[in-house]
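*Asks:* Please find the sequence and the predicted model below.
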Amino acid sequence: MPDVFEVLRKDHEEVKSMLSRLEEGPRASTGATAEQLAERKRAVDEVIVEESKHEAAEQQYFWPAVKRLGTDGLRIAELGLDQEAEADPVLAELDKHQPDDEGFEDRLVAFTAAARAHIQYEEAHAWPLLRAAISADEAEELGAHIARAKKLAPTRPHPHTPPTENAAKTAGPIAGVADRLRDAVTGRGKE
């Protein structure tokens with residue numbers, strides 16, 4: 001069974017790969033066709049889905065584990081949670097707009113930079129602190145919790161939900177069901 005670091009590393013690599021594809025892809029400003037713009041929107045939706053699930057699972061299990069590591073853990077977790085909270089409204093805006101809308105590309109560029117900075121911060125600060133404090137068995141258990149939480153997590157950002165463990169564990173699965181219903185009705189994520 002993969003441990004917490006393997007689960008999160010896989011997520012991080014997937015998101016970085018998605019962001020790289022979006023950076024290279026055609027844009028409305030470079031003459032993209034309607035089909036290319038539709039594909040760009042699907043790619044952005046994919047990033048939004050993965051980021052939403054990842055952050056919800058982290059808020060339920062990863063950041064609370066880091067917070068329990070004393071003053072340094074609390075400080076590192078609070079900054080990480082603040083970074084995630086700042087990204088949620090940007091993702092919510094991207095979710096509402098099309099690639100040829102004014103400001104779409106600026107929001108995507110801002111999110112891409114913030115996401116990369118957050119991943120780097122988490123891997124450089126939170127992971128070493130947690131790795132030094134937990135056993136291999138605890139790391140595997142935490143990885144299993146995160147993997148399970150992602151299956152029920154929201155597929156859209158919910159910037160008004162507090163990024164706390166209790167809110168994530170209570171509201172997250174409910175929002176996840178509502179998001180999946182909405183996705184089924186709209187066909188989002190089925191392409």
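*Replies:* Thanks, I have the structure now.

*Asks:* burial of residue 9, as a residue count?
*Replies:* Residues lying near residue 9 (other C-beta atoms under 10 Å) number 15. Placement of C-beta: from N, CA and C, glycine included.

*Asks:* what's the following helix or strand after the helix or strand encompassing residue 46?
*Replies:* Assigned by DSSP states H and E, residue 46 belongs to helix 34-57. Per DSSP H and E, the first helix or strand lying C-terminal to helix 34-57 is helix 63-67.

*Asks:* what about that following helix, average pLDDT?
*Replies:* Helix 63-67 comes out with an average pLDDT of 97.

*Asks:* Check stretch 10-25 too.
*Replies:* In the prediction, stretch 10-25 has an average pLDDT of 95.

*Asks:* Can you give me the buried ones in it?
*Replies:* The neighbour-count check on stretch 10-25 (16 or more other C-beta atoms under 10 Å) flags 11, 12, 15, 18, 19, 22, 25 as buried.

*Asks:* Tell me the helix or strand right after the longest helix along the chain.
*Replies:* Longest helix in the chain, counting residues (DSSP state H): helix 70-96. Note on helix 70-96: by DSSP H and E, the next helix or strand toward the C-terminus is helix 104-121.

*Asks:* Run through who's touching that next one.
*Replies:* Helix 104-121 is touched from outside by 12, 15-16, 19, 22-23, 27-29, 44, 51, 79-80, 83-84, 86-87, 90-91, 93-94, 97-99, with contacts defined as C-beta atoms under 8 Å, 6 or more residues apart in numbering.

*Asks:* and it with helix 70-96, angle?
*Replies:* Here helix 104-121 runs at 160 degrees with respect to helix 70-96, directions being taken by axes from the mean of the first three to the mean of the last three C-alpha atoms, to 10 degrees.

*Asks:* what angle do helix 104-121 and helix 34-57 make?
*Replies:* Going by the same axes, to 10 degrees, helix 104-121 makes 40 degrees with helix 34-57.

*Asks:* List the contacts of the residue lying closest to residue 21 once chain neighbours are set aside.
*Replies:* Of all residues not flanking residue 21 in the chain, residue 43 sits nearest, at 6.3 Å (C-beta to C-beta, 6 or more residues apart in numbering). By C-beta under 8 Å, 6+ apart, the contact list for residue 43 reads 18, 21, 22, 25.
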